[in-house]
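Peer 1: the following comprises the amino acid sequence and a computationally predicted model.
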Amino acid sequence: MTGELSRFTSNRRTRGEASWKTDEDWKAGVVENVEISGGGLVPTPPPEGGEDLDFVTDNFEDGSLTEYVVDSSKDNGSASVVQSSRSLEGDNLARIATNGRVFALGSTSGLFSYPSAGDIPTFHVLFPNGDNNALYLYYGVQQGDRANGTGYRVTLRNKHNSMRLDNRRSGGTVANSSTRNIPSNEWLTVEVDWRTDGDHFVKVFDSEGSELGSMSGTDSGLTSGGIGYGLNNRNGNSSVAYVDFVGYRSP
């Protein structure tokens, strides 16, 4: 059996690529590749979580958002996991909907792994149309039921081609910038280089990997926490956006 793959999985390996997919083994986070040496099992380094991630926080393949809590002060909408051929990882993605005002939800426990200062949180998002939306992406969230008020928030506005970074716990703006035209109906990648010295470097890429915009600022108020998502249609109309394959790189 030496050199053969074991039937276990790792939280560093995307679930769609894992050879053993039971919920128990997936959530256990044990290494997937092991060798027998000296009568015992010796783990080999697990493969990365995907093409651009070391650790997957959520790819929504469990079909549930039970690890998330809706922000009680920003509950003007809904969130669900839906099956879609547009999914980047497996079959599912998260659908975030607003009835025209702010809706947000966050998670601080229960997911595979969460980014902290020194990591590069990464979100994949999609605007299905050209509605005037503000999509919120949270990291460093301290309370899931206050996702919009206790973490860092990246705001991506597709109609106005702009982005902004705020510390929602202190209420301060960390950075803001304009972007190139933000396309609809294609996956965008938002990544944050969250450094231990308090610097934040945010970049947005289109589906071809071309950079649409960047911004940077300094705020050391938060060094760890959960993640979250939100949506606000600035015209007061109902609207949706999609999120998939959320995780981080750890340089």
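Peer 2: Received the coordinates, thanks.
Peer 1: wouldn't P128 be in contact with P183 here?
Peer 2: No - counting by Cβ atoms under 8 Å, P128 does not reach P183; the two are 11.2 Å apart. From N, CA and C alone the C-beta is placed, and that goes for glycine too.
Peer 1: and the strands in the stretch 151-251 of the chain?
Peer 2: Taking DSSP state E, counting those that start in this stretch to define them, one finds strands in the stretch 151-251 of the chain at 152-157, 162-167, 172-178, 187-194, 199-205, 211-218, 226-233, 239-249.
Peer 1: so the protein: which segments form each domain?
Peer 2: If you go by automatic domain parsing, the domain ranges for the chain are 1-47, 55-249.
Peer 1: most packed of these?
Peer 2: Neighbour counts (mean count of other Cβ atoms under 10 Å) averaged over each of these peak at domain 55-249, with a mean of 19.
Peer 1: distance of R195 from I120?
Peer 2: Separation of R195 from I120 (Cβ to Cβ, to the nearest Å): 9 Å.
Peer 1: which of the domains of the chain comes out lowest on mean pLDDT?
Peer 2: Among these, domain 1-47 has the lowest mean pLDDT, at a mean of 46.
Peer 1: quick one, phi/psi of R146?
Peer 2: With angles defined as degrees, to the nearest 10, R146 sits at phi -130, psi 40.
Peer 1: residues in contact with the closest residue to it other than its chain neighbours?
Peer 2: When the adjacent residues along the chain are set aside, R146 lies closest to D71, with 5.9 Å between them (Cβ to Cβ, 6 or more residues apart in numbering). Contacts for D71 (Cβ atoms under 8 Å, 6 or more residues apart in numbering) come out as 103-106, 144-149, 228, 230.
Peer 1: give me that answer again for 6 Å
Peer 2: Neighbour list for D71: 104, 146-148 [criterion: Cβ atoms under 6 Å, 6 or more residues apart in numbering].
Peer 1: just to check, S177 is in contact with S216?
Peer 2: No - contact criterion Cβ atoms under 6 Å: S177 and S216 do not qualify, at 8.6 Å.
Peer 1: helices of the protein, residue ranges please.
Peer 2: 23-28 (DSSP state H).
Peer 1: quick check, central residue of it?
Peer 2: V246 (3.0 Å; Cα atoms, centre = their mean).
Peer 1: isn't it right up against F60?
Peer 2: No - under the criterion of Cβ under 6 Å, V246 is not in contact with F60, lying 8.5 Å apart.
Peer 1: so what pLDDT did L53 get?
Peer 2: Listed pLDDT for L53 reads 85.
Peer 1: wouldn't it be in contact with G247 here?
Peer 2: Yes - with contacts counted by Cβ under 6 Å, L53 reaches G247, the gap being 4.0 Å.
Peer 1: what touches both of these two?
Peer 2: Contacts common to L53 and G247, judged by Cβ under 6 Å, 6+ apart, are T122.
Peer 1: alpha carbons only: can I get stretch 63-78 in CSV?
Peer 2: Extracted in CSV, the C-alpha atoms of stretch 63-78 (Å, rounded to 0.1, in the frame of the first residue of the first chain):
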residue,chain,number,x,y,z
GLY,A,63,-26.2,22.8,0.2
SER,A,64,-26.7,24.8,3.4
LEU,A,65,-26.0,28.1,5.0
THR,A,66,-26.5,26.9,8.6
GLU,A,67,-23.1,28.2,9.5
TYR,A,68,-24.3,31.8,8.8
VAL,A,69,-26.4,34.2,10.8
VAL,A,70,-28.5,36.9,9.2
ASP,A,71,-27.6,40.4,10.4
SER,A,72,-30.8,41.3,12.4
SER,A,73,-30.4,45.0,11.6
LYS,A,74,-29.9,44.3,7.8
ASP,A,75,-32.5,41.5,7.1
ASN,A,76,-34.1,43.1,4.0
GLY,A,77,-33.7,40.1,1.8
SER,A,78,-32.7,36.4,1.8
